[in-house]
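Novice: Here is a sequence with its predicted model. Questions after.
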Amino acid sequence: MKVLVTDPIADAGLERLREAGHDVVTAYDVEGAELREEIRDAAGLVVRSGTEVTEELLAAAPNLVIVGRAGIGVDNIDIDAATDHGVIVANAPEGNVRAAAEHTVAMAFAAARSIPQAHARLKDGEWAKGDYLGTEVNNKTLGIVGLGRVGQEVAKRLNALGMDLLAFDPYISQERADQLGADLADLETVLDEADFLTIHTPLTPETEDLIGTAELERLGAGGYVINCARGGIIDEAALAAAVEDGTIAGAALDVFAVEPLPDDSPLLGVEDVVVTPHLGASTEAAQENVATSTAEQVIAALNEEPVLNALNAPSVDKSAFPRVRPYIELAETAGRIAVQLFEGRVNAVEVEYAGTIADEEVEIVTASALKGVFRPLEVHVNTVNAPRVAEERGIDVTESKTSQSDVFQSRVSVVVTDGEDDIRVCGTLFAGDDPRIVQIDGYRVDAIPHGHMLVARNYDKPGVIGLIGTVLGDNEVNIAGMFNARETIGGEALTVYSLDSEVPDAVIDRLEDDERIMRAQYLALNNHTNP
Ligand SMILES: NC(=O)C1=CN([C@@H]2O[C@H](COP(=O)(O)OP(=O)(O)OC[C@H]3O[C@@H](n4cnc5c(N)ncnc54)[C@H](O)[C@@H]3O)[C@@H](O)[C@H]2O)C=CC1
Ligand SMILES: O=C(O)C(=O)COP(=O)(O)O
């Protein structure tokens, strides 16, 4: 499949994709209409921070399965739109953490000891020894905004260099902070106490412009700001002014609100603002890590396997996946059968798990059952967007589990209802992976869910089964298997036929013309034959 790579990633990642048999196309400086054309037949897209993955781009990518972000920050990807389009977004949250932490430490020293400024002057032939009186980090307080993966690595390193740690992060436990030797406080206290303030949050509506004039005033003279997280968290004009007028001592920035940083940025004119062009993740090791990890995730997604770091898709533990996998298709089929048999307007879907499957993480199986239920919709529904499609349509989804199962070791049931009537379809796996539909609307059946199915509700009268067989045969529809279930002798019965081909409407009409047959329904279970 085609995997489009729009930002440079390490060769190891490109190689991994090729080894998996994918057609890797690199398009580093392509934008606009040209990029939309390039993505049209792509199944995978790999980006870093340089590509804006917008709704417009996603809309131009009907075959896209996954956007892999070879790095951490996903603020350049419209995840919401990706979910709507059923596209997985996955990042590589581990591989460049140490690189980003080391760069942060380097930037702290660069600012505190004016290394870039002194270096530039010496290169110009000037021995400016007397102009620089730096600040030691030893015995100073490090204020950390965002004590996540990078923040914690920075904390450990700078703590080892003699700094006290004070962190603002409303989403971290006291226990974790204690393990790091960090005190937790509100932002104001951190600003009041810190000598160095380092930012390690993602860019979100909550963190946008988190640090402005008032916060820099609180940090005060002698304070340094380091930002290797995301531009936009600090108000750049306010920061440039605060360093320029001595409100704070200096700043070191790796990231900017607009990248590449425009020539006319006020930051560029301020002597004590140190800048690097978004180099935090740019080490050989980090790039190899994130490129291979992203390639693995793209390969998994294109193989319909679980994507470890998916940000918008149900997650499954890799070791549990083989146990869960066969139920994914079974639940989708049960959902497809249930919705096609149901004659009302679905306003709720219930997925029940009984037996050993109830011990597993089944989020992806439930999403798959919904995918089956929504199959007749025009929109492209998959396990990424199925829960959202349900929510948007006001369809209640419930999942229930019981360790008790009847005769089967495990059973998955999909119930669709309009609040009054419902249809329940239950499936199981024989011999571990052989899917069977074992109950339809209360009738015990045994049907192989494959291809084409005819479900007839008839009276248990002599000759009915023969008639159905003859009518199907006369119309060249071959019967692969059949199961007849009845309530009582002579009472209502439900007969399920597994067929080798589609049943034309005229044949359905012909069957329903017989007064012994109340209802005959053709169900398409093949992907290609969905009505
Ligand atoms: N300069 C570069 O090249 C690199 C930059 N990054 C950036 O560094 C940042 C941090 O990355 P990770 O540590 O991996 O993320 P993370 O998700 O592990 O940690 C982020 C932390 O911020 C906290 N947080 C979220 N909202 C907050 C708020 N409003 N106030 C205070 N704390 C808040 C979270 O609770 C979490 O602990 C990201 O923006 C990432 O994109 C990461 C790698 C390289
Ligand atoms: O991983 C991140 O969040 C980064 O900021 C690294 O960005 P990059 O992959 O170097 O464009």
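Specialist: Perfect, I can see it now. Ligands and ions are numbered 1, 2, ... in the order given.
Novice: Report the buried residues of the lengthiest helix in the chain.
Specialist: Across the chain, the longest stretch assigned as helix under DSSP state H is helix 321-341. Within helix 321-341, the residues scored as buried using 16 or more other CB atoms under 10 Å are 321, 323-341. (Each C-beta comes from the backbone N, C-alpha and C, glycine too.)
Novice: Could you do stretch 447-463 as well?
Specialist: Neighbour counts over stretch 447-463 (16+ other CB under 10 Å) mark Ala447, Ile448, Pro449, Gly451, His452, Met453, Leu454, Val455, Ala456, Arg457, Asn458, Asp460 as buried.
Novice: The first one and Ser368, how far apart?
Specialist: Using CB to CB, to the nearest Å, one gets 19 Å for the distance from Ala447 to Ser368.
Novice: One more: the fifth one?
Specialist: Separation of His452 from Ser368 (CB to CB): 21 Å.
Novice: now Gly473
Specialist: Per CB to CB, Gly473 is found 35 Å from Ser368.
Novice: okay, these two: which has more neighbours?
Specialist: Legend: neighbour count by other CB atoms under 10 Å for Gly473 and Ser368, higher for Ser368 (28 against 11).
Novice: Following the helix or strand containing the more buried one in sequence, what is the next regular element?
Specialist: Per DSSP states H and E, Ser368 falls inside helix 363-373. On the C-terminal side of helix 363-373, the nearest following helix or strand under DSSP H and E is helix 386-392.
Novice: what lines up beside the helix or strand following that following helix in the sheet?
Specialist: Using DSSP H and E, the helix or strand that follows helix 386-392 in sequence is strand 396-402. Neighbouring strands of strand 396-402 in its sheet, by DSSP bridges, are strand 348-355 (parallel).
Novice: average pLDDT across the strand it pairs with?
Specialist: Strand 348-355 carries an average pLDDT of 96.
Novice: could you give the angle of it to helix 321-341?
Specialist: Interaxial angle, strand 348-355 versus helix 321-341 (axes from the mean of the first three to the mean of the last three CA atoms, to 10 degrees): 140 degrees.
Novice: List the contacts of strand 348-355.
Specialist: With contact meaning CB atoms under 8 Å, 6 or more residues apart in numbering, strand 348-355 is reached by 331, 335, 360, 362, 365-366, 369-370, 373, 390, 395-406, 408-419.
Novice: Show me just the buried residues among these.
Specialist: Using 16+ other CB under 10 Å, the buried members of these are 331, 335, 360, 362, 365-366, 369-370, 373, 390, 395, 397, 405, 408, 410-417.
Novice: interface residues of this protein facing ligand 2?
Specialist: Arg48, Ser49, Gly50, Gly71, Ile72, Gly73, Asn96, His278, Gly280, Ala281, Ser282 (CB under 6 Å from any ligand atom).
Novice: try 8 Å
Specialist: Taking CB under 8 Å from any ligand atom as the contact definition, the chain meets ligand 2 at 7, 48-50, 69-74, 91-92, 96, 100, 229-230, 255, 278-282, 290.
Novice: Any of those residues buried? List them.
Specialist: For those, a burial check counting by 16+ other CB under 10 Å picks out 7, 48-49, 69-74, 91-92, 96, 100, 229-230, 255, 278, 280-282, 290.
Novice: of these, list those near ligand 1.
Specialist: 49, 71-74, 96, 100, 229-230, 255, 278, 280-282.
Novice: Throw those residues into CSV and include pLDDT, thanks.
Specialist: Output for these, formatted as CSV (pLDDT from 0 to 100):
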residue, pLDDT
Ser49, 96
Gly71, 98
Ile72, 97
Gly73, 96
Val74, 96
Asn96, 98
Ala100, 98
Ala229, 98
Arg230, 97
Val255, 98
His278, 98
Gly280, 98
Ala281, 98
Ser282, 98
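Novice: In helices only, show me those.
Specialist: Ala100.
Novice: Tell me which two in the ones next to ligand 1 among the buried ones among the residues of the chain next to ligand 2 are the farthest apart.
Specialist: Val74 and Ser282 (18.3 Å; CB to CB).
Novice: Once you drop chain neighbours, what's closest to the residue in the stretch 151-300 of the chain that ligand 2 sits nearest to?
Specialist: Per CB to the nearest ligand atom, Ala281 is where the stretch 151-300 of the chain lies closest to ligand 2, at 3.6 Å. Once flanking residues are discounted, Ala281 sits nearest to Asn96: 3.8 Å by CB to CB, 6 or more residues apart in numbering.
Novice: can you pull the contacts of the one you found?
Specialist: Counting by CB under 8 Å, 6+ apart, Asn96 has contacts Gly71, Ile72, Gly280, Ala281, Thr283, Ala286, Gln287, Asn289, Val290.
Novice: Apply 10 Å and report the result again.
Specialist: By CB atoms under 10 Å, 6 or more residues apart in numbering, the residues touching Asn96 are 70-72, 103, 149-150, 280-283, 285-287, 289-290, 293.
Novice: farthest pair in those residues?
Specialist: His103 and Ser293 (19.3 Å).
Novice: Tell me which residue of this structure is furthest from the middle?
Specialist: The C-alpha centroid of the chain is most remote from Pro462, which lies 54.9 Å away (CA atoms, centre = their mean).
Novice: Setting the sequence-adjacent residues aside, check what's closest to Ala100.
Specialist: Gly280 (4.2 Å).
Novice: Roughly how far does the residue nearest to Asp421 when sequence neighbours are not counted sit from ligand 1?
Specialist: For Asp421, ignoring the flanking residues on the chain, the nearest one in space by CB to CB, 6+ apart is Gly344 at 5.4 Å. Separation of Gly344 from ligand 1 (CB to the nearest ligand atom, to the nearest Å): 44 Å.
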